[in-house]
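Student: coordinates only, sequence not included:
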Ligand code: BEZ
């Protein structure tokens, strides 16, 4: 199977999930999407990840982003595990979890990496834009829980590029200055960024971040 690369159309699939049967592209509608795999239900690190993900759901919905999770466990196991996580973290998991028992989706997305793990998914992350293009891919080992602040940070960065002609420098966090994309001319930059442009070098131009009046997170 051909490896997925950035910019590819995210492969569509039909899946059994905890919210019923879905067709991936149809389910995404016009939203951004994050598809995450984990090695196994009822595993300790995976449990912490899903508890945190449920707690951060508002961060994703406020960024017009739908979250969907996958493992090769059954729907029945997912349901029991969700009840446990909801109880443990005082959350309500609302995002769907795919039961990929036949491993078709895992293999389509290269989530089973047999050198690491014979027959379970590693911790993959795919961010997909509203045109269904793959915009980020991350792969973590089973023993390392993901940093969801980082995933939200990349999502913010991608959306700033998509909607505002901006990029984000190393170690950027919300509120820090932003980099003006190289394909924006100086004349265009003056119109696009009335808050000011700081030219450190002709090829390195920064502008301050401007938030919507009543929101710290809504960049778009
Ligand atoms: C875990 O989720 O805790 C885990 C799963 C597989 C290997 C190591 C840790």
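Tutor: That came through fine. Note that the structure is a prediction, hence the values are computed from the model and not measured. Numbers count the residues shown, from 1 in each chain.

Student: how far away is residue 59 from residue 153?
Tutor: Relative to residue 153, residue 59 is positioned 11 Å away (criterion: CB to CB, to the nearest Å). From N, CA and C alone the C-beta is placed, and that goes for glycine too.

Student: show residues contacting the host helix or strand of residue 50.
Tutor: Following DSSP states H and E, one finds residue 50 within helix 44-55. Helix 44-55 is contacted by residues 36, 38-40, 67, 69, 71, 81-82, 84-86, 88-89, 91-95, 123, 142-146, 148 when judged by CB atoms under 8 Å, 6 or more residues apart in numbering.

Student: try it again at 10 Å.
Tutor: Helix 44-55 is contacted from outside by 34, 36-41, 43, 59-60, 67, 69, 71, 73, 81-82, 84-86, 88-95, 97, 123, 140-149, 151, using CB atoms under 10 Å, 6 or more residues apart in numbering.

Student: same for the ligand: which of the residues you listed are within range?
Tutor: 39-40, 43, 142-143 (CB under 6 Å from any ligand atom).

Student: C-terminal to the helix holding residue 50, what's the next element?
Tutor: Proceeding N to C from helix 44-55, the next assigned helix or strand is helix 57-61, under DSSP H and E.

Student: what's the spacing between the next helix or strand after that next one and its chain's center?
Tutor: Downstream of helix 57-61, the next assigned helix or strand under DSSP H and E is strand 65-71. From the chain centre to the centre of strand 65-71 is a distance of 9 Å (CA atoms, centre = their mean, to the nearest Å).

Student: what angle separates strand 65-71 from helix 44-55?
Tutor: 160 degrees (axes from the mean of the first three to the mean of the last three CA atoms, to 10 degrees).

Student: which SSE is immediately downstream of strand 65-71?
Tutor: Next element after strand 65-71 (DSSP H and E): helix 75-89.

Student: which outside residues touch the helix or strand just after that next one?
Tutor: With elements assigned by DSSP H and E, the helix or strand that comes after helix 75-89 is strand 97-99. If you take CB under 10 Å, 6+ apart as the criterion, strand 97-99 is touched by 13, 15-19, 22, 24, 35-38, 41, 50, 67-79, 81-82, 105-106.

Student: again with stretch 80-91
Tutor: 18, 40-43, 46-57, 71, 73-74, 92-94, 97.

Student: which among those count as buried?
Tutor: Among the contacts of stretch 80-91, the ones that count as buried by 16 or more other CB atoms under 10 Å are 18, 40-41, 43, 46-47, 49-54, 56-57, 71, 73, 93, 97.

Student: look at residue 118 and report its pLDDT.
Tutor: pLDDT for residue 118: 69.

Student: flag every residue of the chain that's near the ligand.
Tutor: Contact residues (CB under 6 Å from any ligand atom) of the chain with the ligand: 39-40, 43-46, 142-143.

Student: now with 5 Å?
Tutor: Residues of the chain lying near the ligand by CB under 5 Å from any ligand atom: 39, 43-46, 142-143.

Student: quick one: the residues you listed as JSON lines, columns for pLDDT too.
Tutor: Output for the residues of the chain next to the ligand, formatted as JSON lines (pLDDT from 0 to 100):
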{"residue": "39", "pLDDT": "96"}
{"residue": "43", "pLDDT": "97"}
{"residue": "44", "pLDDT": "97"}
{"residue": "45", "pLDDT": "97"}
{"residue": "46", "pLDDT": "98"}
{"residue": "142", "pLDDT": "91"}
{"residue": "143", "pLDDT": "91"}
